[in-house]
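Undergrad: this one's structure only:
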């Protein structure tokens, strides 16, 4: 039903949308369905609006997620088994899923049958593809051949995230390869070499190497068993965790060999020499984390609040007579902070001590305040700090200018080395901790190329990108996006890199140009395109129009020509839709590779970014963090349409939304109320025509236009708000105002049902069937109402009635009166004539009015003599109002000129709503009942009101 017509359709309007295809890492959850739902709503609308729509699906099986899950199953991991059973995996199938190919096949089936089809997604499954199929691998190989031809592949040493079990992994917000640490940054520490008397190195890893001139002591954890190791022909002492990290980081530079183990307490009290020649003591620091950097910490108490507090604590213990390590008491008590940086802020000679005292930090347990203090000092000193005289050759230089220079100088002099560390722990999907490994000859895609980047940046302005904020940010992201390591070694799934045997192209690099593959995948799936035909010449011809087919056999040539025709019909891609995690990962390379490999007319048309569904507290829903409600359970609990409407309406696509049961249940109730309202309306059997029928038709035309404008702008929340909240209110008003013509009701229900269809197709089908619609509503055209059926008069009249009724109810509430009678007074004819005169004067005066030109003629009219005192004030007031009015507001007065007749016609309705008699008089009616002389205060479209 949802398969597009394609090249045989004869359609001149096509629409091609993809969503970021899901990785095979296990079951999906309710968080995933937000983006999928957006994609389906947009394509359903486009299809109904007359576009030939291509909405294909695929599976990103590359990388290690599927392998990691299969290995857990193979090991018999109890949590994994429980996870599979809870999500509906038949017990007898679990064992076979240790075969990764069967696992991918199983989950591909689950995604299609249990998620996408049950959610009613109108996808073209005939184009379904996987990134580990042979055809796709040939497609990726062609891409890398062409990138290499263009000079965009380079090799150089690289420090890359690496799982000891799975090999290289990608660490980014998409968390394709990892289960924890997607926001981690790979930091480059300077390992400053402090030396014991025998030359053994204590490498203190720091992000502030310039502070080495202010070191007062070293910190080692007394209870940690450190490793003495041979590192680059030197002997180093590091924590066991650091030793393992060094083994990976020194690959290609030299061997790292364990020599012996030594307890930290054995080193406490000894002296070491700083890289700048001072001798300092080694003190006990139980706060030292052996898992962070080298497990060796230098102490700069003048500029590091943590060090200031720690040194203070050690000195306080010594003063109290506690000295378990036999420290030189006099020497340790004599240690004072050494200030080496002068910043703009008015710090004393002891900046860290000053800020600790100002913030009330008492000891090392006040961790949050210490972190805050550290950031404050670092920020101030980095941006405004200048190194003082004791900093030798670097004195007088700004910290921001000298930091990198000093690091390079120290490394060149053999006083320091480089140590790489993540800003937070990173865990692979297999469960192992991820480290940073040096790869001597890593291959990169050279996204740093300036000319290539500039072409992509300039094209962003021609793209349809939502939200607008990302369109503004994307050029900067492209500038920031440097070379990307594109291959990994290990037991990965994917395409073998053509220039290095045994290495696999990593998952982000094999998912850049993939929308093009959907244009040919159906020919692979139906058997007409043989995989062996898919060589570089095939892709050059189909996607770039290059090559000569004259020497080919007819069958192959015919298929290639069909593929080329299909590509030209569907490309460029109209929308690539994905979550916000792709803003700095997938979307930049998606655009860059299109710019590099395709002609400009085939570069992508748009990007649609959606934010996340979060748990309480704001964390993204994920399998690893918990809170990932299984989709089948959610469907049973809430219903598919309620979930679809929740995703579309609960918040803007550019904001995270919290998954809350009561909120989703609210949308389920909304579905029920809408169907009940339809049943009530459908039971109406009147035949007589009234003006409210014209209003309903006009209002539905207005709502239709509002929905269309919102949908074309990708504002699904605004569109769904009209369909599920504004229109039900309109229909309720229609019934309240006495609307009862079944012919009009049923026509408008048909219009409404087709507006419901993109968002809640199952409810729409029920309503469509209930009102006697023919065929499936999902393939009905988008509704339309002819402009000549729109009555601006009726729209304005009902707006006037609504506002008047609201005023009456507000007056009743504010005064506390329970009226037995209400009298409404409309303006006398002379006030209407005055208003029309002011309209003419404003037009003659180019929007300006001289009140005196109007007042004088009015005062000379005998019949207006009773109003002579109020005329000047009234003219001035109305003049101010008129000059502010736009054309629409002026037309409103013209269309509602018969205000008295309108009020007379609705007096019965107002009586019913207010629960009392409602009478209507003209201001100039000599027989009017006006006990409080209210009529004189009436103005056009602002009747005076009397309640008793």
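TA: That came in fine, so what should we check first? Keep in mind that this is a model prediction, so the values were computed, not measured. Numbering: from 1, shown residues only.
Undergrad: helices and strands of the chain: which one has the lowest mean pLDDT?
TA: Sorted by mean pLDDT, DSSP states H and E, the helices and strands of the chain end with strand 167-168, the least confident at a mean of 79.
Undergrad: check which helices and strands the helix or strand following that strand sits against.
TA: Next helix or strand after strand 167-168 toward the C-terminus (DSSP states H and E): strand 178-180. In terms of contacts (3 or more Cβ pairs under 8 Å, 6 or more residues apart in numbering; DSSP states H and E), strand 178-180 is packed against strand 427-428. Just so you know, the C-beta spots here come from the backbone N, C-alpha and C atoms, and that holds for glycine as well.
Undergrad: how far does the strand it packs on sit from the chain's center?
TA: 24 Å (Cα atoms, centre = their mean, to the nearest Å).
Undergrad: neighbours of residue 607, how many?
TA: 25 (other Cβ atoms under 10 Å).
Undergrad: spatially nearest residue to it (excluding sequence neighbours)?
TA: residue 465 (4.8 Å; Cβ to Cβ, 6 or more residues apart in numbering).
Undergrad: any idea how far the one you found lies from residue 886?
TA: 33 Å (Cβ to Cβ, to the nearest Å).
Undergrad: quick check: phi and psi on residue 423?
TA: phi -70, psi -20 (degrees, to the nearest 10).
Undergrad: I should have written residue 195 there, sorry.
TA: Per degrees, to the nearest 10, the backbone of residue 195 is at phi -120, psi 140.
Undergrad: contacts only, for residue 781.
TA: 48-50, 754 (Cβ atoms under 8 Å, 6 or more residues apart in numbering).
Undergrad: 6 Å instead?
TA: residue 48 (Cβ atoms under 6 Å, 6 or more residues apart in numbering).
Undergrad: check what pLDDT it gets.
TA: pLDDT for residue 781: 97.
Undergrad: hang on, it is in a helix, isn't it?
TA: No - under DSSP: H, G, I helix; E, B strand; the rest coil, residue 781 falls outside any helix and is assigned coil.
Undergrad: quick check: residue 381 vs residue 391, distance?
TA: Taking Cβ to Cβ, one finds residue 381 at 13 Å from residue 391.
Undergrad: just residue 670 next, same as before
TA: 68 Å.
Undergrad: buried sites along stretch 864-875?
TA: Using 16 or more other Cβ atoms under 10 Å as the burial criterion, the residues of stretch 864-875 that qualify are 864, 867, 871-872, 874-875.
Undergrad: which residues sit against it?
TA: With Cβ under 6 Å, 6+ apart, stretch 864-875 has contacts from 830, 851, 854-855, 858-859.
Undergrad: straight-line length of that stretch, end to end?
TA: 13 Å (Cα to Cα, to the nearest Å).
Undergrad: I'd like the average pLDDT over it.
TA: pLDDT averaged over stretch 864-875 gives 89.
Undergrad: quick one: contacts of stretch 210-221?
TA: 192, 264, 267, 272, 274-276, 280-283, 285, 288, 297-303, 335, 338, 340, 390-391, 399, 403, 406.
Undergrad: show me which of these are buried.
TA: Counted by 16+ other Cβ under 10 Å, the contacts of stretch 210-221 give 192, 264, 267, 272, 274-275, 280-283, 285, 288, 297-303, 335, 338, 340, 391, 399, 403, 406 as buried.
Undergrad: so of those, which ones are in helices?
TA: Members of the buried ones among the contacts of stretch 210-221 lying in helices (criterion: DSSP state H): 399, 403, 406.
Undergrad: list just the nearest of those to residue 639.
TA: residue 403 (58.1 Å; Cβ to Cβ).
Undergrad: not counting sequence-adjacent ones, nearest residue to that closest one?
TA: residue 210 is the one closest to residue 403 (Cβ to Cβ, 6+ apart), at 5.7 Å.
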